[in-house]
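Colleague: coords below, sequence missing:
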């Protein structure tokens, strides 16, 4: 069964999938790992998604901000029949691309909230970083699935990209 709890954003763990109220909508986001001066919140839905917002400076205000918390038992699933590029190419510079590196690490390329470029969100750790220079393959189409959603198959798609 799918677990959902309500709690403050400041108490969320890295990689936790959340629903966040933004203006008059609720958007899906993933809480990133904290670094000095950085508490990334990666929005997966909404205008200009996916994009990252640094909520570190606003954490005092957002500390009691309630979010719906869904945990970390989700999975990004690439579509092997969708667009992909091995090595280099446009998908490697496109927000929303899901990238697999030779070492097995998966990254999601995201826009910065200020529109100043792209960042790479490492899905296993929740760390935000710059582009890595290694052997990689980028996929332009993927879905986010979570076990426990009362639909068939046992892993139900929450939403798709591409």
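Modeller: In hand now; what should we look at? Just so it is clear, the model here is predicted, and its values are computed rather than measured. Numbers count the residues shown, from 1 in each chain.
Colleague: Show me how the record splits the protein into domains.
Modeller: Taking automatic domain parsing as the reference, the chain has its domains at 5-69, 74-161.
Colleague: Just put those in JSON lines and tack on mean pLDDT and mean neighbour count.
Modeller: All C-beta atoms are positioned from the backbone trio N, CA, C, and that covers glycine. Formatted as JSON lines, these follow (pLDDT from 0 to 100; neighbours: other CB atoms under 10 Å):
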{"stretch": "domain 5-69", "mean pLDDT": "86", "mean neighbour count": "17"}
{"stretch": "domain 74-161", "mean pLDDT": "87", "mean neighbour count": "16"}
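Colleague: quick one: contacts for residue 39?
Modeller: 31, 32, 54, 55, 56, 59 (CB atoms under 8 Å, 6 or more residues apart in numbering).
Colleague: same deal with residue 17?
Modeller: Residue 17 touches 28, 29, 30, 69, 70, 71, 72, 74, 144, 146, counting by CB under 8 Å, 6+ apart.
Colleague: one more time with 7 Å
Modeller: 28, 30, 70, 71, 72, 74 (CB atoms under 7 Å, 6 or more residues apart in numbering).
Colleague: Tell me which helix or strand residue 29 sits in.
Modeller: Secondary structure assignment for residue 29, by DSSP states H and E: strand 25-31.
Colleague: So which other helices or strands are in contact with the following helix or strand past that strand?
Modeller: Downstream of strand 25-31, the next assigned helix or strand under DSSP H and E is strand 40-43. With contacts defined as 3 or more CB pairs under 7 Å, 6 or more residues apart in numbering; DSSP states H and E, the packing partners of strand 40-43 are strand 25-31, strand 51-54.
Colleague: roughly how far out does the strand or helix carrying residue 77 sit from the chain middle?
Modeller: Per DSSP H and E: residue 77 is located in strand 74-78. The chain centre lies 10 Å from the centre of strand 74-78; the measure is CA atoms, centre = their mean, to the nearest Å.
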